[in-house]
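> pasting a predicted model and its sequence here:
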Amino acid sequence: MSKSKSPECLDLENLLGITEELNHIKDIDSLLDHILHNARQFCKAEAGSIFLREKDHLIFSYVQNDMLVKREKNYNKRIYDKFTIPINRESIAGYVADTGKALKIDDVYIINDTVPYSFNSSFDEMSSYRTKSILTIPLITSRDNITGVIQIINPQLGDDVTIFTDLHSQYVTFLANNASVAIERAQMTREIILRMIRMAELRDPKETGAHVNRVGAYSIEIYQRIAQKRGDSPETIRHTKDHLRIAAMLHDVGKVAISDSILKKPARLDDDEFTIMQTHCASGADLFDGNVSELDLLSARIALTHHEKFDGSGYPNALEGGQIPLPGRIVALADVYDALISKRVYKEEWPDEEVLKYITDQSGIHFDPEVVEAFFDVHEVLKAVGKRYPD
């Protein structure tokens, strides 16, 4: 008779499986979501955050909080908060990043006066949340570089908050060490994409890094709302968001094939020029013609279809309704929304109320009504995205 495995062995097997999954996630934000979710699952923790290092500061990069998700309709806007912490020994996260030493604190409101760090209670006061027990682990690469810290908050025992154990610390440390390598790889992927965009920006000043970051973030927030309403599983949503953000960022990369005389023309395009401009959709799709991955396929679909309109009056193939893939319908709205709210050399930004009226009026014409409904559901989150990635 075979022996049953201990809970520790089963947890180790799960942890090894999770770290293997990290190698297949391409988008940095999806990766941080995955890391934080699984670290919290191990510890049955209510909340957590990840800070990534940028020179001598930590950048607030991702957050999860189950209590606030239940309380706040537009909780996701917190993901796009932007603030930094100096890497020094005055804060908990700064101390861990500075020393490379993990901290396990049973109650952050009762910290010994002999230590240099203290707990900043401003978030608790602002959100009416009560942080108690914190586990903060450095994210250290194989070359001993500290890329950030992961902070897990309030482990649960039933309905009560308990404290972190040494076993929790061991598991999260193992996950953090493996996650650090994946984070470096995902950061490199994001940087390569932004370099591609900067190349396109040399041709078309409208295609900026801030613009594509916003379109990518708008798209995943709208998609997530649609998928949740449809009852899709959290695993499916996470997987799709990983590819969708990157593919949405690359929606206009085909413009590199359009001549400067058209791209940079300060006046309205004539009919012949507009016909040539329309070819950027097919040119963009052709860049991903190999279809060697799910990301290639999705990028090609979005590049080809994000200028189609729901009523069939768009281009290049005059598709209508459900003939247009859902990602194309989502990016169509995300791209137009960002263009309307942004100042350009040829236009001022539109007032918010005019933008919302335009999108409402175009529901069923330019835009899919289901996408429009999801857009309005998450509009407060989209405004937070704009603040995270300003021009």
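On my side now, so go ahead. Numbers count the residues shown, from 1 in each chain.

> got a list of what Gly284 touches?
Contacts for Gly284 (CB atoms under 8 Å, 6 or more residues apart in numbering) come out as Leu250, His251, Asp252, Val253, Gly254, Lys255, Ala300, Ala303, Leu304. Glycine gets a C-beta too; all of them are placed from N, C-alpha and C.

> repeat that with 6 Å
Shown in contact with Gly284 (CB atoms under 6 Å, 6 or more residues apart in numbering): Val253, Gly254, Ala303.

> which one of the residues you listed sits in the busiest neighbourhood?
Taking other CB atoms under 10 Å as the neighbour criterion, Ala303 ranks highest of these with 26 neighbours.

> what does the pLDDT read for that one?
Note on Ala303: pLDDT of 96.

> likewise the one 10 residues further on?
According to the model's per-residue confidence, Ser313 sits at a pLDDT of 97.

> so it is in which element?
According to DSSP states H and E, Ser313 maps onto no helix or strand at all.

> and it, how far from Leu304?
16 Å (CB to CB, to the nearest Å).

> looking only at neighbour counts, state which of those two leads.
The neighbour comparison of Ser313 against Leu304 (other CB under 10 Å) goes to Leu304, with 24 against 11.

> assumed the more buried one was part of a helix.
Yes: counting by DSSP: H, G, I helix; E, B strand; the rest coil, Leu304 falls inside a helix.

> go ahead and confirm it touches Ala285.
Yes: at 4.0 Å, Leu304 counts as touching Ala285 under the criterion of CB atoms under 6 Å.

> and the helix or strand harbouring Arg238, which residues are buried?
Using DSSP H and E, Arg238 sits within helix 234-249. In terms of neighbour count (16 or more other CB atoms under 10 Å), helix 234-249 has its buried residues at Ile237, His239, Thr240, Lys241, Asp242, His243, Leu244, Arg245, Ile246, Ala247, Ala248, Met249.

> and stretch 292-299, by the same measure?
Here stretch 292-299 shows Leu295, Asp296, Leu298, Ser299 as buried, counting by 16+ other CB under 10 Å.

> which residues does it contact?
Residues outside stretch 292-299 that contact it (CB under 6 Å, 6+ apart): His243, Ala247, Leu250, Phe288, Asn291.

> the same query, at a cut-off of 8 Å, please.
Outside stretch 292-299, the residues that reach it (CB under 8 Å, 6+ apart) are Lys26, His243, Leu244, Ile246, Ala247, Leu250, Leu287, Phe288, Gly290, Asn291, Pro327.

> report the rounded mean pLDDT for it.
Mean predicted lDDT for stretch 292-299 stands at 89.

> same check on stretch 80-99?
Mean pLDDT, stretch 80-99: 95.

> contact partners of that stretch?
Contacts for stretch 80-99 (CB under 8 Å, 6+ apart): 51, 53-54, 56-60, 63, 101-103, 105, 108, 116-120, 134, 136-138, 146, 148-149, 151, 217, 381, 384-385, 387-388.

> low pLDDT regions in this structure?
1-13, 15-19, 200-208, 291, 345-346 (pLDDT under 70).

> can you report phi and psi for Asn65?
Asn65 adopts backbone torsions of phi -150, psi 110, taken as degrees, to the nearest 10.

> let's number from 53 now, not from 1
All right, first residue 53 from here; so that's Asn117.

> the longest helix belonging to the chain packs against which elements?
Looking across the chain with DSSP state H, the single longest helix is helix 218-255. Applying 3 or more CB pairs under 8 Å, 6 or more residues apart in numbering; DSSP states H and E, we find helix 218-255 packed against helix 59-74, helix 80-95, strand 186-192, strand 198-209, helix 261-282, helix 286-301.

> next, count neighbours for Val148.
Close neighbours of Val148, defined as other CB under 10 Å, add up to 26.

> could you do the one 4 residues further on as well?
Residue crowding around Gly152 was assessed by other CB under 10 Å; the count is 13.

> name the nearest residue to it, ignoring sequence neighbours.
Distances taken as CB to CB, 6 or more residues apart in numbering put Pro190 closest to Gly152, at 5.1 Å, once the chain neighbours are dropped.

> that neighbour: what's it in contact with?
In this structure, Pro190 makes contact with Val148, Ala149, Gly152, Lys153, Ala154, Ile198, Gly200, Val201, Ala228, judged by CB under 8 Å, 6+ apart.
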